[in-house]
Every structure is written in structure tokens, then in C-alpha cells.
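Engineer: compute the structure for the input listed below.
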Amino acid sequence: MPTIRVELMEGRTVEQKKELVKALTQAVVETLGSKAESVDVLLFDIKRHDWATGGELWSEKT
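Structural biologist: Prediction:
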């Protein structure tokens, strides 16, 4: 049972997430030979003030 954890900056639509989940699941099926119903995808929305790159919070980037 492959499990994929995806951390995204908040703001994606439900439709975008649905398309991502479908694409990731299909990639696992094709690559690993898993059955689609055994693939779990966990989506985590992260607030911009909880994500930093290069020592700077995304909420403070211009």
C-alpha cells in the first residue's frame, strides 16, 4: 500500500487537488504495478507563515 504525502502551500482549489491525486495515483500504478485502490495520497495545506525558504517566511516574500 503506497502512501504519498504531499505538502502544499495553501490556496489550491479542490479541483486542482483532485487532478493531482489522480495523476499521482496513476503514476504509482504504472511505475510500481500497484492497484489504484491501494494507493493513499495525503494532502497537507501549509499556511504561508508556516513555510520558509532561504531563511524567509513565504508570507513576507514580495
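
Engineer: name the helices or strands packed onto the helix or strand hosting residue 7?
Structural biologist: Per DSSP states H and E, residue 7 falls inside strand 3-9. Judged by 3 or more CB pairs under 8 Å, 6 or more residues apart in numbering; DSSP states H and E, strand 3-9 is in contact with helix 14-32, strand 40-46. Using the backbone N, CA and C atoms, a C-beta is placed for each residue, glycine as well.

Engineer: want to throw those into JSON lines with distance to residue 58, mean neighbour count and mean pLDDT?
Structural biologist: Supplementary listing: these in JSON lines, determined by distance: least, CB to CB, whole Å; neighbours: other CB atoms under 10 Å; pLDDT from 0 to 100:
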{"stretch": "helix 14-32", "distance to residue 58": "18", "mean neighbour count": "13", "mean pLDDT": "98"}
{"stretch": "strand 40-46", "distance to residue 58": "9", "mean neighbour count": "13", "mean pLDDT": "98"}
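
Engineer: can I get the ones you listed in JSON lines including distance to residue 7?
Structural biologist: What follows is the helices and strands packed on strand 3-9, written out as JSON lines (distance: least, CB to CB, whole Å):
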{"stretch": "helix 14-32", "distance to residue 7": "12"}
{"stretch": "strand 40-46", "distance to residue 7": "5"}
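
Engineer: any idea which of those gets closest to residue 55?
Structural biologist: Nearest to residue 55 among those is strand 40-46; the distance by CB to CB comes to 16.9 Å.

Engineer: give me the sheet partners of that closest one and which way each runs.
Structural biologist: Strand 40-46 sits in its sheet next to strand 3-9 (parallel), going by DSSP bridges.

Engineer: now the strand it pairs with, how far from the chain's geometric center?
Structural biologist: 3 Å (CA atoms, centre = their mean, to the nearest Å).

Engineer: so that strand versus helix 14-32, what angle?
Structural biologist: 140 degrees (axes from the mean of the first three to the mean of the last three CA atoms, to 10 degrees).
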